[in-house]
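>>> 3D model of this:
(one chain, ligands or ions: 3)
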Amino acid sequence: MPSIPEISTVPPKLSDAFRSHPVHLRHECPDLTSLKELPDSYDWTHQHYVIPATNGDSAISESIPVIDLNDPNALQLIGHACKTWGAFQVINHGIPTSLLDQAECTTRHLFSLPVEQKLKASRLPDALTGYGLSRSNSFFSKIMWSEVFTIIGSPLDHFRHLWPEDYTKHWGGRGPIAPPGFQNLIKNEVMEEYEKEMTKSAEKLMWLMLGSLNITKEDIEWADPKGNIPDEFAVLHMNYYPACPNPDRAMGMAAHSDSTILTILHQNNTAGLQVLKKGTGWVAVPTNPGGLVVIVGDLLQILSNGSYISALHRAVVNRDKPRFSLPYFYGPPARAQVSPLPKLVGPSDPPLYRPITWSEFLGIKAKHFNNALSSIRICTSPPNEVVAANGDNNTNSAEVA
Ligand SMILES: C=C1C[C@]23C[C@@]1(O)CC[C@H]2[C@@]12CCC[C@@](C)(C(=O)O1)[C@H]2[C@@H]3C(=O)O
Ligand SMILES: O=C(O)CCC(=O)C(=O)O
Ligand SMILES: [Fe+2]
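Ligands and ions are numbered 1, 2, ... in the order given. Below you'll find the model as predicted:
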């Protein structure tokens with residue numbers, strides 16, 4: 001039987017950024033699906049950062065805007081959403097619904113494997129790809145009710161560990177071309193195609209979000225003359241939130257902002273994502289078949305000099321149905337300098353953040369979590385005070401355990 005190759009899916013430049021910031025999680029991955037009661041280690045009841053206000057069943061009826069990318073006013077609507085919410089949903093984004101469905105189906109299939117099988121594709125502490133808990137668990141004393149599978153580039157090496165029978169029984173892992181019916185390779189192709197489509201959409205959305213601030217490709221140093229981003233850094237997550245015996249006490253994914261330029265998230269038809277709106281509280285993001293959620297990340301807050309807010313968001317769980325989400329974390333090349341764009345700063349708008357690479361910022365995030373942005377802030381009291389909802393100037397978010 002041919003041996004299964006070592007896992008080495010992360011291209012060297014990207015792995016550097018993470019190898020220097022390993023995340024050590026103190027917890028194992030139990031089989032959450034089989035638990036009939038919420039263990040104490042998953043009980044978030046007495047955590048002060050669990051803010052109860054939610055529109056899950058209360059009177060808050062507003063939510064993040066839904067923007068049709070074919071709408072002639074899309075640019076303005078996007079700009080407004082980035083300033084007020086730090087998140088929006090898009091429809092008519094050009095990604096086929098069939099691909100979203102196939103990626104969701106692969107996600108469901110992956111997480112329905114027995115836990116021992118999933119652990120064969122475990123993410124190692126200094127690695128980024130594979131199966132495990134969310135990295136952000138390291139900041140909390142309680143564990144989140146979720147499982148995560150991280151992909152960068154091709155997931156094939158991990159998939160070989162998860163579904164070895166596709167190789168050994170039928171094909172033996174020989175040759176580069178899959179004979180028809182080889183489910184593992186089909187899953188791999190689906191996820192690679194999904195990443196390709198996400199990259200295209202993320203670029204398009206980034207230019208729209210920046211375009212709304214009159215930023216063009218000439219203003220972005222890491223863009224080529226055609227506006228393409230060579231060596232962009234992107235990570236795809238498959239998130240699983242099993243149905244939970246005590247959802248009111250559990251937390252699917254604790255409040256955080258993403259360190260990205262932007263994140264594109266597909267969720268199955270079970271709601272759970274919530275966005276924190278200043279002055280309102282936690283607002284649920286309803287599911288929207290075929291729609292995609294776009295979240296402003298910390299790097300876009302930096303680039304826009306605080307004019308766009310990187311939204312604090314979290315995921316709650318429910319008693320009856322499993323939930324799946326697929327966030328695509330999109331950023332610049334790991335070593336590109338990110339700083340407030342010159343067009344957006346001036347005597348009355350001094351730069352709020354010092355220049356930083358994403359690689360460096362991930363290190364700061366890995367240490368300071370939701371206080372990462374404030375730790376690189378250079379003006380404590382700008383003339384036009386920017387009030388961000390992401391921990392930059394509030395303290396309602398993470399607790400360092
Ligand atoms: C590119 C990334 C951003 C992220 C770390 C990651 O490598 C992939 C997951 C992202 C995530 C999601 C949950 C919250 C968060 C803080 C975390 O621990 O993992 C973010 C990371 C981030 O935004 O820095
Ligand atoms: O599952 C969700 O809706 C949110 C996931 C998320 O925010 C993340 O993985 O960063
Ligand atoms: Fe997130």
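
>>> wait, Pro355 touches Leu341, no?
No. Shown here, Pro355 and Leu341 do not form a contact pair, counting by Cβ atoms under 8 Å, at 11.1 Å. For every residue, glycine as well, the C-beta is placed using N, CA and C.

>>> more neighbours, those two?
Leu341 (20 against 13; other Cβ atoms under 10 Å).

>>> dump the residue contacts of the more buried one.
Taking Cβ atoms under 8 Å, 6 or more residues apart in numbering, we find Leu341 in contact with 213, 215, 219-220, 303-305.

>>> which of the residues you listed are buried? Put it as a PyMOL command.
A single PyMOL command selects the buried members of these (16 or more other Cβ atoms under 10 Å):
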select buried, resi 213+215+220+303+304+305
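
>>> need the contacts of Leu341 in a markdown table with distance to ligand 1 and pLDDT, can you?
Listed next are the contacts of Leu341 as a markdown table, based on distance: Cβ to the nearest ligand atom, whole Å; pLDDT from 0 to 100:
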| residue | distance to ligand 1 | pLDDT |
| --- | --- | --- |
| Leu213 | 22 | 98 |
| Ile215 | 22 | 98 |
| Asp219 | 24 | 97 |
| Ile220 | 19 | 97 |
| Leu303 | 15 | 98 |
| Ser304 | 17 | 98 |
| Asn305 | 20 | 97 |
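
>>> narrow the contacts of Leu341 to those in helices?
Leu303 (DSSP state H).

>>> among the contacts of Leu341, which two are most distant?
Within those, Ile220 and Asn305 form the most distant pair, 14.3 Å apart (Cβ to Cβ).

>>> roughly how far apart are the residue nearest to Leu273 when sequence neighbours are not counted and Tyr194?
Closest residue in space to Leu273, ignoring its immediate chain neighbours: Val285 at 4.3 Å, by Cβ to Cβ, 6 or more residues apart in numbering. Remark: distance between Val285 and Tyr194 (Cβ to Cβ, to the nearest Å) = 20 Å.

>>> just after the longest helix anywhere in the chain, pick out the following helix or strand.
Longest helix in the chain by number of residues (criterion: DSSP H): helix 183-211. Per DSSP states H and E, helix 183-211 leads on to strand 233-241 as the next helix or strand towards the C-terminus.

>>> report the inter-axis angle for the longest helix of the chain versus strand 233-241.
120 degrees (axes from the mean of the first three to the mean of the last three Cα atoms, to 10 degrees).

>>> in helix 183-211, what's buried?
Those would be 184-185, 187-192, 194-195, 197-199, 201-203, 205-210, for helix 183-211 by 16+ other Cβ under 10 Å.

>>> Glu62: how many residues sit nearby?
Around Glu62 there are 10 residues (other Cβ under 10 Å).

>>> count of neighbours near the residue in the stretch 301-401 of the chain that ligand 2 sits nearest to?
Here the stretch 301-401 of the chain gets closest to ligand 2 at one residue, Ser325, 3.3 Å apart by Cβ to the nearest ligand atom. For Ser325, the count of nearby residues is 24 (other Cβ under 10 Å).

>>> can you tell me the helix or strand for it?
Going by DSSP H and E, Ser325 is part of strand 323-331.

>>> packing partners of that strand?
Applying 3 or more Cβ pairs under 8 Å, 6 or more residues apart in numbering; DSSP states H and E, one finds that strand 323-331 contacts helix 97-111, helix 183-211, strand 233-241, strand 262-267.

>>> out of the ones you listed, nearest to ligand 1?
Distance to ligand 1, taken as Cβ to the nearest ligand atom, is lowest for strand 233-241 among the helices and strands packed on strand 323-331, at 4.0 Å.

>>> the closest one pairs with which strands?
Here strand 233-241 is paired, per DSSP bridges, with strand 147-151 (antiparallel), strand 323-331 (antiparallel).

>>> skipping adjacent residues, who's closest to His237 in space?
Nearest one to His237, counting by Cβ to Cβ, 6+ apart, is Pro327 at 4.9 Å.

>>> one more: Val296?
Gly86 (4.3 Å).

>>> isn't the one you found right up against Val294?
No. Using Cβ under 8 Å, Gly86 is not in contact with Val294; the gap is 9.7 Å.

>>> can you redo the strands paired with strand 233-241 as JSON lines with distance to Pro242 and mean pLDDT?
Converted to JSON lines, the strands paired with strand 233-241 look like this (distance: least, Cβ to Cβ, whole Å; pLDDT from 0 to 100):
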{"stretch": "strand 147-151", "distance to Pro242": "8", "mean pLDDT": "95"}
{"stretch": "strand 323-331", "distance to Pro242": "8", "mean pLDDT": "98"}
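
>>> output those strands as CSV; include the columns distance to His237.
Listed next are those as CSV, based on distance: least, Cβ to Cβ, whole Å:
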stretch, distance to His237
strand 147-151, 6
strand 323-331, 5
